[in-house]
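Participant: sharing a model prediction with you, sequence too.
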Amino acid sequence: EITFHRPVVHHAAAIALLLLAFAAVPAKAQAPMRLTLKDAVQIALKQNPQVAIANLNRLESRQGSLAARGDLLPQVSLSASDVILRENIEALLGKKIPGFPGHIGPYYAINAGPQFSIPLFDLTAWRRWQAARETERTSAAYQTTAQELNAQLVVSQYLGSLRAAADVKAAQSRVTLATA
């Protein structure tokens with residue numbers, strides 16, 4: 001069963017990156033770091049735990065689909081065994097034969113060879129494979145949803161930061177104009 005949790009509105013990693021990008025005080029007189037919207041979204045998609053979980057769920061469901069498909073494919077195996085036998089004639093035939101010893105053996109038996117099988121019609125395996133494919137499609141949809149929700153949050157935070165920077169710049173310009 002695949003579970004999906006909506007990401008929390010405030011992603012610490014995305015907000016921390018945006019705050020670092022738009023920090024008002026640069027460290028050691030370096031130029032402020034410029035972070036484009038595309039870079040912010042890419043970083044958030046790489047570091048978001050919900051996206052990472054969705055990616056892992058999709059990979060897991062893909063492997064489940066492959067395993068279910070394997071039940072429908074031909075199976076080949078190779079085996080070998082050896083055994084040393086000693087038989088009781090009376091137990092084997094049900095009566096004692098005069099003039100023969102009470103047992104035969106020991107004798108060696110070796111059995112080796114390939115085994116091949118293919119399911120002609122296995123409805124259970126077929127339905128299991130169909131269910132696994134649907135689970136894979138569902139995981140892909142959850143993965144896309146997690147990525148889109150994360151990107152939406154980052155874009156919202158990025159645009160909010162740009163708006164705040166524009167408001168600061170406008171306020172500074174009004175102060176400069178008022179003092180002139």
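Facilitator: Thanks, I have it. What you see is a predicted model, and the numbers here were worked out from it, not measured in a lab.

Participant: host element of the residue sitting nearest the centre point of the chain?
Facilitator: Centrality entry for the chain: nearest residue to the mean C-alpha point is Leu56, 2.5 Å, by Cα atoms, centre = their mean. If you go by DSSP states H and E, Leu56 is part of helix 49-70.

Participant: pull out the buried residues from that helix.
Facilitator: Gln50, Val51, Ile53, Ala54, Asn55, Asn57, Arg58, Ser61, Arg62, Gly64, Ser65, Ala68 (16 or more other Cβ atoms under 10 Å). All C-beta atoms are positioned from the backbone trio N, CA, C, and that covers glycine.

Participant: quick one: the residue nearest to the centre of the chain from Val41, how far?
Facilitator: Counting by Cβ to Cβ, to the nearest Å, the gap from Leu56 to Val41 is 20 Å.

Participant: over to Arg58?
Facilitator: Applying Cβ to Cβ to Arg58 and Val41 gives a distance of 19 Å.

Participant: swap in Leu93?
Facilitator: Distance from Leu93 to Val41, by Cβ to Cβ: 83 Å.

Participant: these two: which has the busier surroundings?
Facilitator: Val41 (19 against 11; other Cβ atoms under 10 Å).

Participant: wait, that one sits on Val155?
Facilitator: Yes: between Val41 and Val155 there is a contact under Cβ atoms under 8 Å: 6.9 Å.

Participant: what about the helices in the chain?
Facilitator: For the chain, the helices defined by DSSP state H cover 12-21, 37-47, 49-70, 89-93, 123-179.

Participant: wait, Arg86 touches Ile104, no?
Facilitator: Yes: counting by Cβ under 8 Å, Arg86 does reach Ile104; the two are 7.3 Å apart.

Participant: which one of those two is surrounded by more residues?
Facilitator: Using other Cβ under 10 Å, the more surrounded residue of Arg86 and Ile104 is Ile104, with 13 against 9.
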